[in-house]
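[1] got a predicted structure here, sequence first:
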Amino acid sequence: MRSQIKYKISELSPEKRPRERLIENGPSVLTDAELLAIVLNTGIRKKEHKEDVLELSNRILKEYGSFSIANERNVKKLMERLEIPKVKACQIVACFELGRRFFARDKEEIFIREPKEVYEYLKNQMENLKKEQLKGLYLDSRNKLIYEELISLGTLTTNLIHPREVFRPAIEKSAAAIILVHNHPSGDPEPSEDDIKITQQLIEASKLINIEILDHIIIGKGKYISFKDKNLI
């Protein structure tokens with residue numbers, strides 16, 4: 001983990017504060033203490049003085065150790081050892097638990113070869129959504145999932161979906177193929193005219209950059225359709 005810098009939020013100009021720098025430059029420019037400060041959001045009131053959120057973050061990492069804090073699952077232990085409120089201890093445990101879970105998922109190798117596998121992979125995420133989402137599943141030459149991205153929110157139209165939004169992640173991640181997936185909140189997965197038109201436009205674009213669109217899956221309530229199975233691709 002990156003070394004810590006000791007200063008107070010109040011000593012910084014607004015544009016140099018962690019949250020603003022995160023928005024402007026991304027997380028890589030921030031120290032561990034600054035990232036933790038964003039999670040904790042506020043400092044705490046101690047008997048002798050108020051502990052600024054950056055002071056608190058630096059103290060937590062120094063007293064507990066960055067490795068130990070990242071692997072601590074006991075909220076009560078954090079509260080006692082660091083003398084912090086329950087809410088702060090819960091934020092810390094929850095933050096690192098999310099990191100562990102996502103890291104574990106990243107290490108899994110997922111291969112997608114059939115429409116049903118796409119449905120099983122995404123049904124819990126997508127079949128009960130209130131709004132339409134279009135996701136891209138990006139695969140390597142062995143059909144291993146290497147990346148997924150939320151491409152758009154809202155009803156699919158040609159004005160909403162631009163090929164660059166679909167193919168940019170594929171180029172960045174060196175993907176060999178893409179599977180498009182979106183949901184119908186109505187529960188009926190039958191494709192609309194717009195769904196078909198957009199898919200055809202994207203297939204034409206895919207030929208120019210030699211990244212194949214393998215399928216377009218529409219997820220409804222407890223069922224799905226595959227453009228490939230319907231000979232629409």
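    Alright, I've got the coordinates.

[2] and the helix or strand encompassing residue 202, how far from the chain's centre?
    Using DSSP states H and E, residue 202 falls within helix 193-209. The gap between where helix 193-209 is centred and where its chain is centred comes out at 26 Å by CA atoms, centre = their mean, to the nearest Å.

[3] residues in contact with it: which ones?
    Residues from elsewhere that reach helix 193-209 (CB atoms under 8 Å, 6 or more residues apart in numbering): 155-158, 161, 163, 166-167, 171, 178, 180, 182, 191, 212-213, 216, 218, 227, 232-233. Every C-beta, even on glycine, is put in place using the N, C-alpha and C of the backbone.

[4] go again using 10 Å as the cut-off
    132, 134, 136, 155-164, 166-167, 170-171, 177-178, 180, 182, 184, 189, 191-192, 211-216, 218, 225, 227, 230, 232-233 (CB atoms under 10 Å, 6 or more residues apart in numbering).

[5] next one: stretch 85-94
    The contact list for stretch 85-94 (CB under 10 Å, 6+ apart) reads 36, 39-45, 53, 56-57, 60, 64, 69-70, 72-82, 84.

[6] again, but for stretch 97-104
    Under the contact criterion CB under 10 Å, 6+ apart, stretch 97-104 has outside partners 70-73.

[7] in which helix or strand would I find the residue nearest the centre of the chain?
    Closest to where the C-alpha atoms of the chain average out (CA atoms, centre = their mean) is residue 149, at 8.0 Å. Per DSSP H and E: residue 149 is located in strand 145-153.

[8] quick one: buried ones out of the contacts of helix 193-209?
    Buried members of the contacts of helix 193-209, counted by 16 or more other CB atoms under 10 Å: 132, 134, 136, 156, 160-161, 166-167, 170, 177-178, 180, 182, 184, 189, 191, 211-216, 218, 225, 227, 232-233.

[9] averaging pLDDT per element, find the lowest-scoring helix or strand in this protein.
    Sorting the helices and strands of the chain by mean pLDDT, DSSP states H and E puts helix 66-70 at the bottom, at a mean of 82.

[10] for that helix, C-alpha coordinates in CSV please.
    Included here for helix 66-70 are C-alpha records, laid out as CSV according to Å, rounded to 0.1, in the frame of the first residue of the first chain:
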residue,chain,number,x,y,z
SER,A,66,-2.6,-1.7,6.4
PHE,A,67,-2.6,-5.5,5.9
SER,A,68,-4.3,-6.2,9.2
ILE,A,69,-7.0,-3.6,8.7
ALA,A,70,-7.8,-5.0,5.2
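
[11] show me what that helix is packed against.
    On a contact count with 3 or more CB pairs under 10 Å, 6 or more residues apart in numbering; DSSP states H and E, helix 66-70 meets helix 32-40, helix 53-64, helix 75-82, helix 86-107.

[12] how would you label the residue in the chain sticking out farthest from the centre: helix, strand or coil?
    Most distant residue from the mean C-alpha position of the chain: residue 48, 40.3 Å away (CA atoms, centre = their mean). Here residue 48 is recorded as coil under DSSP: H, G, I helix; E, B strand; the rest coil.

[13] contacts only, for it.
    Not one residue lies near residue 48 by CB under 10 Å, 6+ apart.

[14] quick one, phi/psi of it?
    phi -90, psi -30 (degrees, to the nearest 10).

[15] list the buried residues for stretch 18-34?
    18, 21-22, 30-34.

[16] tell me the mean pLDDT for that stretch?
    On average, the pLDDT along stretch 18-34 is 90.
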